[in-house]
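**Q** Sequence below, structure please.
(one chain, ligands or ions: 1)
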Amino acid sequence: MSDFTHLLSPLQIGRSGKALEIRNRVLVSAHVPGFAENNKPGAAYIAYHRRYAAEGVGLQITGGTPVHKSGLLSLAPDGLWNLDDSIIPGYTELAQAVHAEGGRILAQLAHSGGTVLIDQPGTVAWSASSVRSAITG
Ligand SMILES: Cc1cc2nc3c(=O)[nH]c(=O)nc-3n(C[C@H](O)[C@H](O)[C@H](O)COP(=O)(O)O)c2cc1C
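**A** Next up, the predicted model:
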């Protein structure tokens, strides 16, 4: 542990006054655990992130959460979608659960745009570029 002198010391993200204080530098990086219900945080999803906070993780990042229907990462109901405000009560409950354990959590906003993997007939993938992805087409 002596090689990691800053690991357990606090970190500020952002400017002072509006800075987010993280209690340590232990981070759970972005991933979709597959526990969302109807694309919202439910009891299982919240319990998953609460547990990391209770175990001492400073910051957690949700898996990519799409901001538009043409940039979905999956059609499955087990990932979070930010397509309308109905997600807000679940996010509030999720944040409160993590904060209650001293942790912090960020939502990773995602739009797959021109690299969208999902075939949705009739839906045009909004993108910053009209060039098709060389990887997904
Ligand atoms: C199942 C799984 C899902 C992931 N989902 C995301 C994601 O939604 N967004 C993201 O930026 N990274 C995602 N990642 C990448 C991880 O956050 C991390 O950067 C990567 O796994 C490398 O870290 P590791 O070597 O500790 O696994 C995912 C990784 C895994 C294994």
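**Q** Quickly list what the residue most central in space within the chain is bridged to.
**A** Centroid-nearest residue in the chain, with CA atoms, centre = their mean: residue 62, separated by 2.2 Å. Taking DSSP bridges as the rule, residue 62 bridges to residue 31.
**Q** so who does residue 114 touch?
**A** Residue 114 makes contact with 125, 127, 128, 129, 131, 132, 133, according to CB atoms under 8 Å, 6 or more residues apart in numbering. Using the backbone N, CA and C atoms, a C-beta is placed for each residue, glycine as well.
**Q** Closest one of those to residue 11?
**A** Residue 11 lies nearest to residue 128 out of those, by CB to CB, at 31.4 Å.
**Q** ok so that closest one is a helix residue?
**A** No. Counting by DSSP: H, G, I helix; E, B strand; the rest coil, residue 128 is not part of a helix but coil.
**Q** how about low-confidence regions in the protein?
**A** Residue ranges of the chain with pLDDT under 70: 1.
**Q** could you pull out the strands for it?
**A** For the chain, the strands defined by DSSP state E cover 11-13, 20-22, 27-31, 59-66, 104-110.
**Q** Can you pull up the residues of the chain that come close to the ligand?
**A** Within the chain, the positions near the ligand by CB under 6 Å from any ligand atom are 29, 30, 31, 32, 63, 64, 108.
**Q** between the residues you listed, which is nearest residue 10?
**A** When those are compared against residue 10 (criterion: CB to CB), the nearest one is residue 29, at 19.2 Å.
**Q** Near that closest one, how many other residues are there?
**A** The local packing of residue 29 (other CB atoms under 10 Å) involves 9 other residues.
**Q** Now do the same contact list for it.
**A** So residue 29 contacts residue 61 (CB under 8 Å, 6+ apart).
**Q** ok, now the one 4 residues further on?
**A** Contacts of residue 33 were listed using CB under 8 Å, 6+ apart, and they are 45, 48, 63.
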